[in-house]
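make a model of this:
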Amino acid sequence: MTPPTLSATNPGRVTLGIIILTVGLLTLLKRSDWFDFDAMRLLPGAVLIALGVGRIALGADRDRRGPSPLVHGLWLITVGAWLIANMLQLFGLTFHTSWPLLLIAGGAFIVARAWEK
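Down below sits the predicted model:
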């Protein structure tokens, strides 16, 4: 029996699996007392990062109208990392102080998407 090829992979199932895996990992972190914060606060950012990694990994089929899988995946990872940095207040970032970083990243990804055409 040969393993499934990338073109035979169902992206919807992979995406659902990635989301369930992420929720399970965060639940495990919450239930184990390894960290002194509520790991479920990180759920939105962690799901976006997991979806971005999945988009890059499954990016063989390129939709001609949308961004390339690499640019789309990197955007999801960037927004997810921004959310986590704000939730944990890393580097003193809060939603109030860090929204310009998201604008800068958005502009950079628009330029990257224009160059890929």
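
pLDDT below threshold where in this structure?
Along the chain, the parts satisfying pLDDT under 70 run over 1-9, 35-37, 60-66, 117.

recalculate using a threshold of 90.
Low-confidence segments of the chain, defined by pLDDT under 90: 1-44, 46-47, 50-51, 53-73, 87-90, 93, 109-117.

how about the residue minimising distance to the centre of it: what's its closest non-neighbour residue?
Nearest residue to the geometric centre of the chain (Cα atoms, centre = their mean): residue 49, 2.0 Å. What sits nearest to residue 49 in space, not counting adjacent residues and going by Cβ to Cβ, 6 or more residues apart in numbering, is residue 80, at 3.7 Å. In this view, the C-beta of every residue, glycine as well, is placed from N, C-alpha and C.

okay, now the one you found: neighbour count?
Residue 80 sits with 21 neighbouring residues when counted by other Cβ atoms under 10 Å.

how close does it get to residue 28?
Separation of residue 80 from residue 28 (Cβ to Cβ, to the nearest Å) stands at 19 Å.

list the contacts for residue 55?
In this structure, residue 55 makes contact with 69, 72, 73, 76, judged by Cβ atoms under 8 Å, 6 or more residues apart in numbering.

let's verify the closest residue to it other than its chain neighbours: helix, strand, or coil?
Ranked by Cβ to Cβ, 6+ apart and with sequence neighbours excluded, the top spatial neighbour of residue 55 is residue 73, at 3.8 Å. Following DSSP: H, G, I helix; E, B strand; the rest coil, the label given to residue 73 is helix.

so residue 73 makes contact with residue 52?
Yes: the pair residue 73 / residue 52 is scored as a contact, 4.3 Å apart, by Cβ atoms under 8 Å.

how long is stretch 33-41 end to end?
With Cα to Cα, to the nearest Å as the measure, stretch 33-41 spans 15 Å from end to end.
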